[in-house]
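1. Sequence first, predicted model second:
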Amino acid sequence: MVGGLLLVIVLSSAPTQKTHLPETTHLIDSIQGPALYTAYCAVCHGRDGKGAGPMAKSLRVAPPDLARIAMRNGGRFPMARIQRIISGEEPLPAGHGTQEMPVWGPIFSQIAWDQDLGRVRVDNLARYIEGMQTK
């Protein structure tokens, strides 16, 4: 019994390390579309979505113009398809890497600790991109 008590005391006094789940390492706090876009998309696609972000020139494949998605789809924004692309459920166009490791990593596709929050992020980002469509 004394040994058990000593074990409890030693374990409780050991310094605790703060552990991070892999999918929380690079998450921003906001779930709002504009903040998500700025944090994860604008560096390549540009603030206006037209493909001229600061990293665009260093990429092998030019980022597509996200403001013309609807125009390229007969005037309709393919919300469900864009959500699947963001979440990693649909094969990605060239430039985003493999489905397992797109540029944004697991941020949109593998939020294991809160699947609903992941879906909210995907929906908010897709709706933001829908709002930037050229009329």
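-> Everything's here; your move.

2. can you count the residues close to the residue lying closest to Arg121 once chain neighbours are set aside?
-> Computed as Cβ to Cβ, 6 or more residues apart in numbering, the closest residue to Arg121 that is not its neighbour in sequence is Ile31, at 5.3 Å. For the C-beta atoms, the positions are set from N, CA and C on the backbone; glycine is no exception. For Ile31, the tally of surrounding residues (other Cβ atoms under 10 Å) stands at 15.

3. distance of Pro78 from Pro91?
-> According to Cβ to Cβ, to the nearest Å, Pro78 stands 14 Å off from Pro91.

4. what do you get for Met71?
-> In terms of Cβ to Cβ, Met71 sits 22 Å off from Pro91.

5. between the two, which one's more packed in?
-> Ranked by neighbour count (other Cβ under 10 Å), Met71 and Pro91 place Met71 first, with 14 against 10.

6. which ones are touching that one?
-> 133-134 (Cβ atoms under 8 Å, 6 or more residues apart in numbering).

7. does it sit in a helix, a strand or a coil?
-> Secondary structure assignment for Met71 (DSSP: H, G, I helix; E, B strand; the rest coil): helix.

8. about what we covered before: do you know how far the residue nearest to Arg121 is from Met132?
-> Relative to Met132, Ile31 is positioned 18 Å away (Cβ to Cβ).

9. Glu90 - nearest residue in space that isn't next to it in sequence?
-> Arg84 (3.8 Å).

10. pretty sure that neighbour is touching Pro91, no?
-> No: using Cβ atoms under 8 Å as the test, Arg84 is too far from Pro91 to be in contact (9.3 Å).
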